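> from the sequence below, what's the structure:
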Amino acid sequence: MFGTTGLIVAAVMLTTEGPAIFASGSVAPAESAMMEARGPSDDRAPLDVRALLTSARGAPAMICSLASQAVRGFGWGDWSDAPSTPLAAAVSNRGDDFEGSGLSQADIELLLEGLGSEDACVRELSVRVLGRSRNESVASGLIARLASSSAPLREIAALGLGIVEPAAAVEPLLRALRDGVTGVRANSAWALGRMEAGRALSPLLELFRDSEAKVREAAVIAAGRIDSTIATSALIRVIRQDDAASVRRAAAWALGKLEAREGVEALSGVLAQDRDPRVREMAAWALGSIESRGASAALAAAGRRDADDRVRETAVWAIAQVEDRAAVDALSAIAGSDRSSRVRGTAAWAIGQLQRGGRAPAALFQVLRDDSEDTRLKAAWALGQIADSAGLPAIRTALRQEKSDRVRRGLIRALMKSGERSVAALTDLLESGDPQVREAAIRGLAGGRSPDPWPWPWPRPRPIP
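So this is what the prediction gives:
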């Protein structure tokens, strides 16, 4: 394995987005070792916090600072501008010091030399720090190493060029697509995709027939990033015929990214029949991204019958994306009966997206009694969208029974939207222990119909391959 400093860098990188995938499935050196330590790959595997903190103890401050910058929070920013942090006294340089020309020429040469190190952590840090500089000597140094006799050096040079994205690297990377080493071909395809190099499309399509799945996957993802429909027919062939699930999944993503309507039939077939749930999940996501109502029947069938919770949830999300209002009955059945609270909640959200006015489906009132707080919140939000005055008694009942202040705010919004005019009902809310609930009630008494704040329950986004 590798030393403490390498372990902390890899471990911290895994805390947020899972292993960074380069060359579609080829991970950077330190992360590869960390994945081996964790066992079989699973992007939803829990973090071993004890191992992380044990590895962090005693690590040099600069290494720990660089690793900690890989951790990102929710919302705006990445916390790098905080005025006082535990490492502030020991490390004077912030992450933005590496931007632009922040590196001296001596530093750049040292980092370029580090790309050839036998130590995985040194190579990892070297390429990542180089990737934050737009100095011309970085690009020229990486291009020179792409022609090295050393296969590992060519591989990491292609990775670095994909991070830096210099225009001068396109031709060398195109030549590297014919390299005899799998990792070099894969990283070069990945880099060209990141650069959205249009003239790379034809050579990338040729790699769809590469003997190595890693290379095929990288080429497929790269083609999806280049805004051209020329690749559509080849992607359809891949999603139907490739032996590797990772490649089929990448092809589904690419068709969705390109919004290729010609791929709807193939994606619908994959959603119904592919043996790998991750491929089916991505097919559902792609159909939602394409927004073709021709996919509605296939999505509804997957939402009702697929064995995998994630596939069903993505399918009901996609139904809302294609805006097929005729699917509300199918969504209602799913919201009222699915075994997963996440699927029930997303189905309720989808109903709220599709239906404005009219009668609220009975399933939404059923979901107001769900065990999951998040699912109840989505049902309350959906009822507010529909604004069915006939549902007021059920909403009042749910509000009296609801223990979560967050869901109560959603129910107050549903009351306002549905036409609540009872002063007595609103006055009761003034005794709530939550000041936001009291504020919502005051707004209602004053005639406001949109209490603020109010919940906006988005479903989870889907990652790219």
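
> my guess is residue 114 contacts residue 121. True?
No: using Cβ atoms under 8 Å, residue 114 makes no contact with residue 121, being 9.9 Å away. No exception for glycine: its C-beta is placed from N, CA and C like everyone else's.

> of these two, who's got more company?
Neighbours per residue, other Cβ atoms under 10 Å: of residue 114 and residue 121, the larger number sits with residue 121, 22 against 19.

> what bits of the chain have low per-residue confidence?
Residues of the chain meeting the criterion pLDDT under 70: 1-47, 66, 68-85, 88-101, 421-429, 431-432, 436-437, 440-464.

> strands of that one, residue ranges please.
In the chain, the segments counted as strands under DSSP state E are 21-22, 26-27.

> residue 272 - nearest residue in space that isn't next to it in sequence?
Leaving aside its chain neighbours, residue 272 sits nearest to residue 298 (6.1 Å; criterion: Cβ to Cβ, 6 or more residues apart in numbering).

> end to end on stretch 299-314, go ahead and measure it.
End-to-end distance for stretch 299-314: 9 Å, by Cα to Cα, to the nearest Å.

> mind listing what's buried along that stretch?
299, 300, 302, 303, 304, 306, 309, 310, 311, 312, 313, 314 (16 or more other Cβ atoms under 10 Å).

> which residues touch the first one?
Read that as residue 299. By Cβ atoms under 8 Å, 6 or more residues apart in numbering, the contact list for residue 299 reads 271, 284, 287, 288, 315, 316, 318, 319, 322, 327.

> please report how far the residue nearest to residue 272 lies from residue 393.
Using Cβ to Cβ, to the nearest Å, residue 298 is found at 38 Å from residue 393.

> neighbour count: the two, which is higher?
Higher neighbour count among residue 298 and residue 393: residue 298, with 22 against 10, using other Cβ under 10 Å.

> the more buried one contacts residue 270, doesn't it?
No: counting by Cβ under 8 Å, residue 298 stays clear of residue 270, with 9.4 Å between them.

> let me know the closest of the contacts of residue 299 to residue 334.
residue 316 (5.9 Å; Cβ to Cβ).

> can you get me a residue count around the closest one?
By the criterion of other Cβ under 10 Å, residue 316 has 32 neighbours.

> who touches it in this structure?
Taking Cβ under 8 Å, 6+ apart as the test, what residue 316 contacts is 299, 303, 331, 334, 343, 346, 347, 350.

> go again using 10 Å as the cut-off
Residue 316 is in contact with 284, 288, 299-300, 302-304, 327, 330-331, 334-335, 338, 342-351, 459, counting by Cβ atoms under 10 Å, 6 or more residues apart in numbering.

> counting only helices, which of those make the cut?
Secondary structure defined by DSSP state H assigns 284, 288, 299-300, 302-304, 330-331, 334-335, 342-351 of the contacts of residue 316 to helices.

> just give me the neighbour total for residue 372.
15.

> nearest residue to it other than its sequence neighbours?
Spatial nearest neighbour of residue 372, chain neighbours left out: residue 341 (3.7 Å); criterion: Cβ to Cβ, 6+ apart.

> my guess is that neighbour contacts residue 377, does it?
No: assessed by Cβ atoms under 10 Å, residue 341 is found out of contact with residue 377, at 11.4 Å.

> show me whatever sits in contact with both of these two.
Going by Cβ under 10 Å, 6+ apart, residues that sit against residue 341 and also against residue 377 are 367, 370.

> out of the two, which sits in the busier spot?
Using other Cβ under 10 Å as the criterion, residue 341 and residue 377 rank with residue 377 on top: 27 against 18.

> distance of that one relative to residue 409?
9 Å.
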